[in-house]
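Novice: here is a sequence with its predicted model. Questions after.
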Amino acid sequence: MNNRWLTVFQKGKFVTTTRVTLDVLWNILLFFIVLGLILAFFLGGLGIGYFASLTEDLEESDRDTLERQIYNYEETSHIYFANNVHMGVMRSDLHREEVELENISQHLKDAIKATEDEYFDTHNGVVPKAIFRALFQEFGNSDSQSGGSTLTQQLIKSQILTNEVSFERKAKEILIALRLENFFEKDEIFEAYLNIVPFGRDSSGRNVAGIQAAAQGLFDVDASELNVAQAAYLAGMPQSPFAYTPFDNGGNVKSEDGLEAGLERQRIVLSRMHREGLIDEQTYEEALNYDVIGNLTDKKESTISDYPFLTFEIERRAIDHMTEVLAEEEGYSMDELEENGELLEQFEIRAERALRQNGYEIHTTIDKDIYDVFQDVTKEYSHFVPTKTVTRYNEDGDSMDVEMPVEAGAMLRDNKTGAIIAFVGGRDYERSKINHATYHKRPNGSTMKTLYGYAPAIDMGIISPGSPLADVKFGPALEAQYGGWGPTNYISTSYSGLVSAREALRDSDNVPAARLAHDLTNRKGRQNDLSNYLSNMGFDREQFPPGRMVTPLVLGSDYVTLEDTTNGYSVLANGGKYKESYMIEKITDREGNIVFEHESEEVEVFSPQTAYLTIDILRDVVTSGTATYARNRLNNPSVDWAGKTGTSNDKMDALFISSNPNVTLGTWIGYDEYDANGDGTVSDSERENYMNLDVGCSGCISYSSRNLGFWAQLVNAATEVNPELMAPQERHQSPGGIVSRSYCQLSGLLPSDECRELGLVKTDLFNVNHVPSKADDSVTDGQYVQIGDEYYEAIDQTPEEFVEEGFFLKPGFMEEQGWDDIEDISELVPDNEAFENLVVPEDGPPEDDGAPSAPRGVQMNGSTLTWSEQGGDVIGYRVYMKDAEDAEFELIDDTKEPGVKVSNNRIYAVKSVDFYGHESDFSSSITYGTIEEPEDEEDEEKDKDEDKDKDKDKDNDDKEDEGNGNGGDNGGGSNDDDNEGEDNGGEDNNGNEDDNEDDSNNDDSTAFLDSTHHYRHLLF
């Protein structure tokens, strides 16, 4: 067999055959090579064309464009208390802190490269084999998808493109990666990547991105301080952040099973670092044995958890400011945005996004220490009672009992700047998320009296602190003007009559305030002025537009925020100038450039003199009025506080707003709502359920005092933090133009002689421009009579013996004062000594109905003659007497009372006398004692002789007594014993008349009752 093959080879047969075969094979191969090249070029061209088509809409990018894109990553904005004290970060879906590459641990850099991109330092943005591997896996529908993205590509995917899985996105990613590598150094790309990569959640449950935020959020160290084990743990997380993160969304450490995936990933990273020589064996072993979980940071509460009310309030205000900034950048005014709701919403969304993503610094006016003690006081205050149990209904109509606790709010602001120093949003954010200081609108009760009534009236020159106001209920005519509405006093259900403006505001009487508001709202040409006062103080202009004049508003019927009311009182403490309250001092960008800064605009609402006069009245509220409880609870009661209390209907709200020269503090306690059915109405049963909050509160202080106590505790706590702010030594300063003047209490004008004689002169402060120049002419002196409870000015026919001299109001005075709606004028006179001698006569004389009827019911009560009091226009009585039945009556007395004291053994009768001097017939007569018949002439002569003898004996006795140095009635003498009923007594040695024993009080024999009355009837 071998010889045969050798013979073939030797004869050349093999060479020829092989050559032919090889040629054939070569031609076939060449054909396929050519075909392959043609196909390759075709496919390549097709691929290039396809690649080009995928990227044809990708714009050409220069370095500046790419730089803006890759460095435009979200960075968390920070919030600061006043004085640059860090508060926390702004609420965001993602927490990120920017850090430079040089401040990142080398261990972390090595771990990231070993895990995510081992060829990072050498490739040009893409790794071809990784791309082909990814393509093969894609076309082969492989279960394992390695991705094939470099760090450069991941950066582009996060910052420029999207996470969409498509060839188009991948093609663009490759092209941009090549561009990026061409324009930027590796360190620049790596730094950007480390600042954008996500790392799951931190110990407060927030999403974190960027290595600095991750290092702080997981291990409470800076990125530069990470050790090998920590770096490896973090480096493994970007592949699947939420699978490997150790914390859940509540900031709690996961279970053992939940932690295992992250720990396994850490071991893989350490293995790669060891394999590539980045760490030695010892370091590797030490890192494997490091207790990662045990070294995680403790759970941290977020800013929201620590300061929920404050965080959301700062965000709301910052978004408002940023909306205005962005709008102005694009040429829009806020007025234009408010007219276009959709446009406003777009700018608000953009503003919120910018604040959450652009790493701003938001600097506030909030004093951390005072804010913290405010929250402590609120948490510990023991008089937020009682909690009410109310009935609620679900959608099915089933009832359920729900507890409704007392809520609270407070606002402290600087008078001069408007800066909000601290506030209390509520007692428990988890229970009620309503901010009761800045958002919750409730009736502000009597605190509105100052802002809508007294201060505007003083500013217009209509009243001064001493001006008289009528504390008398509305008459029917005035009630009808308001549809039957007629206010009553809240603290005292009685009425005081004529009171000064100072007294009325001090005591918080409703009726004088309502009458004052009625005057202001009906005063021609001044309606818009009154409305403008509120809007100029910061109250919502849409709610209080010019021309909206509502008298009941003075009692605080409208719903406003505590911040609104506090602003109003701060105006008074700031000399009448309004400074808008604000909480955001400034907003700066990452480079420290000011994006927004508060600019204070000042509006003069009241004159400085008006502001000071009102403050002076409000001082009385604290020292002797409705807020004395608060002052008594202050650790520094000498501080010059001036304020006003307020309550709403059914005791649902209690307020107190008070200012010292530096700050104004307002507090509110009450209930969120009591509409059980949610239909906006309150039934009688619901109202009953909420009235009288003191019921069921054994040992509680009173309703208003609970709020006053809350206010005082806040002041005391804040004073310990900053005594210069909260307890200044200086007082509210007079601006000048204030004088002290005497005035008549009746009219507020300069005192007249009559007013002085009545004792109705007081002294108070005045604006020098509004000091009265006219003397009071409301009082006249003259003669008057009293008929029942009414007084009439005497006329010529009126008997003088029944007329009294006095002072009374001139006719027409009530109309001049605007009090002509009052029907019972006696209600106007205050029940005090100063007004007891003032008489208010009727408009005219009583009707002349002729002679009155004779008195009836004449009788003797002991030595007192009495009869029934006559009606009609009777003003008095004349008393007549005679000694015998056949004698003539003689006038012995006159009286205004139905009775007199009389002597015995006489016959008496009475006549009535009316206003016009008409006298009635005699009444029936009555005898007091025994009337004896006259003796005959002989007996009479005998009696006369006996009388002479007796007189002679008496004279001798008197002389004897005189010789002994005694009067004529000493113990050794004998007194003359006159016959009972005899009328002619003799004279003693001193020439005095010796009357019968029943005449011992002869000086006042006509008096029956004390005729001195305190005339308290004054027309409203």
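Specialist: Cool, got the structure.
Novice: count the neighbours of the closest residue to Arg442 other than its chain neighbours for me.
Specialist: Nearest residue to Arg442, sequence neighbours excluded (Cβ to Cβ, 6 or more residues apart in numbering): Asp653, at 5.0 Å. Just so you know, the C-beta spots here come from the backbone N, C-alpha and C atoms, and that holds for glycine as well. Counted by other Cβ atoms under 10 Å, the residues lying close to Asp653 total 21.
Novice: what does the one 3 residues further on give?
Specialist: Around Phe656 sit 30 other residues, with neighbours defined as other Cβ under 10 Å.
Novice: correct me if wrong: the residue nearest to Arg442 contacts Asp672.
Specialist: No - between Asp653 and Asp672 there is no contact under Cβ atoms under 8 Å: 10.5 Å.
Novice: isn't Glu225 right up against Gln216?
Specialist: No - assessed by Cβ under 8 Å, Glu225 is found out of contact with Gln216, at 10.1 Å.
Novice: who's more crowded, these two?
Specialist: Gln216 (20 against 12).
Novice: look up how far Asn207 lies from the more buried one.
Specialist: According to Cβ to Cβ, to the nearest Å, Gln216 stands 14 Å off from Asn207.
Novice: what segments of the stretch 401-550 of the chain are helices?
Specialist: For the stretch 401-550 of the chain, the helices defined by DSSP state H, counting those that start in this stretch occupy 447-449, 455-459, 476-481, 501-506, 510-521, 527-536.
Novice: out of the ones you listed, nearest to Phe813?
Specialist: Counting by Cβ to Cβ, Phe813 lies closest to helix 510-521 out of the helices of the stretch 401-550 of the chain; the figure is 16.0 Å.
Novice: please compute how far the closest one lies from its chain's middle.
Specialist: How far helix 510-521 lies from its chain's middle: 22 Å, per Cα atoms, centre = their mean, to the nearest Å.
Novice: with stretch 494-511 instead?
Specialist: 23 Å.
Novice: next, the distance between the ends of it.
Specialist: 10 Å (Cα to Cα, to the nearest Å).
Novice: same question for that stretch: list its buried residues.
Specialist: Neighbour-count burial for stretch 494-511, counted by 16 or more other Cβ atoms under 10 Å, picks out 495-511.
Novice: next: stretch 149-164.
Specialist: For stretch 149-164, using 16+ other Cβ under 10 Å, the buried residues are 149-161.
Novice: taking these one by one, which sit in helices?
Specialist: Judged by DSSP state H, helices contain the following of the buried residues of stretch 149-164: 151-159.
Novice: identify the farthest-apart pair in those residues.
Specialist: Leu151 and Gln159 (12.2 Å).
Novice: which residues sit in contact with Glu75?
Specialist: Contacts were defined as Cβ atoms under 8 Å, 6 or more residues apart in numbering; by that measure Glu75 touches 96-98, 210, 357-359, 590.
Novice: of the ones in helices among the buried residues of stretch 149-164, closest to Asn394?
Specialist: Taking those together and measuring to Asn394 by Cβ to Cβ, the closest member is Ser158, at 47.1 Å.
Novice: nearest residue to the closest one other than its sequence neighbours?
Specialist: With Cβ to Cβ, 6+ apart, the residue lying closest to Ser158 is Ile196, at 5.1 Å.
Novice: ok, the one you found - contacts?
Specialist: 73, 96, 155, 158-159, 209-210.
Novice: part of a helix, is Ser924?
Specialist: No - Ser924 is assigned coil when assessed by DSSP: H, G, I helix; E, B strand; the rest coil, not a helix.
Novice: quick one, phi/psi of it?
Specialist: Backbone torsions of Ser924, given as degrees, to the nearest 10, read phi -60, psi 140.
Novice: and the pLDDT for it?
Specialist: Predicted confidence (pLDDT) for Ser924: 95.
Novice: who are the contact partners of the residue nearest to the spatial centre of the chain?
Specialist: Nearest to the geometric centre of the chain sits Leu562, at 2.3 Å (Cα atoms, centre = their mean). Contact partners of Leu562, counting by Cβ under 8 Å, 6+ apart, are 409-411, 436-438, 440, 442, 444, 655, 666-668.
Novice: hang on, the earlier thing: which of the contacts of Glu75 fall in strands?
Specialist: Among the contacts of Glu75, the residues falling in strands (DSSP state E) are Arg96.
Novice: now pLDDT, neighbour count and distance to Asn635 too, for the contacts of Glu75, in a markdown table please.
Specialist: Formatted as a markdown table, the contacts of Glu75 follow (pLDDT from 0 to 100; neighbours: other Cβ atoms under 10 Å; distance: Cβ to Cβ, whole Å):
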| residue | pLDDT | neighbour count | distance to Asn635 |
| --- | --- | --- | --- |
| Arg96 | 80 | 26 | 46 |
| Glu97 | 84 | 22 | 44 |
| Glu98 | 87 | 18 | 47 |
| Gly210 | 91 | 27 | 49 |
| Gln357 | 79 | 19 | 47 |
| Asn358 | 86 | 17 | 46 |
| Gly359 | 88 | 22 | 44 |
| Arg590 | 86 | 12 | 45 |
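Novice: closest one to Tyr578 out of the contacts of Glu75, please.
Specialist: Asn358 (33.2 Å).
Novice: quick check, the closest one in contact with Ser77.
Specialist: Yes - if you go by Cβ under 8 Å, Asn358 and Ser77 touch, sitting 6.9 Å apart.
Novice: which one of the buried residues of stretch 149-164 sits closest to Ile174?
Specialist: Closest to Ile174, out of all of those and judged by Cβ to Cβ, is Gln153, at 7.4 Å.
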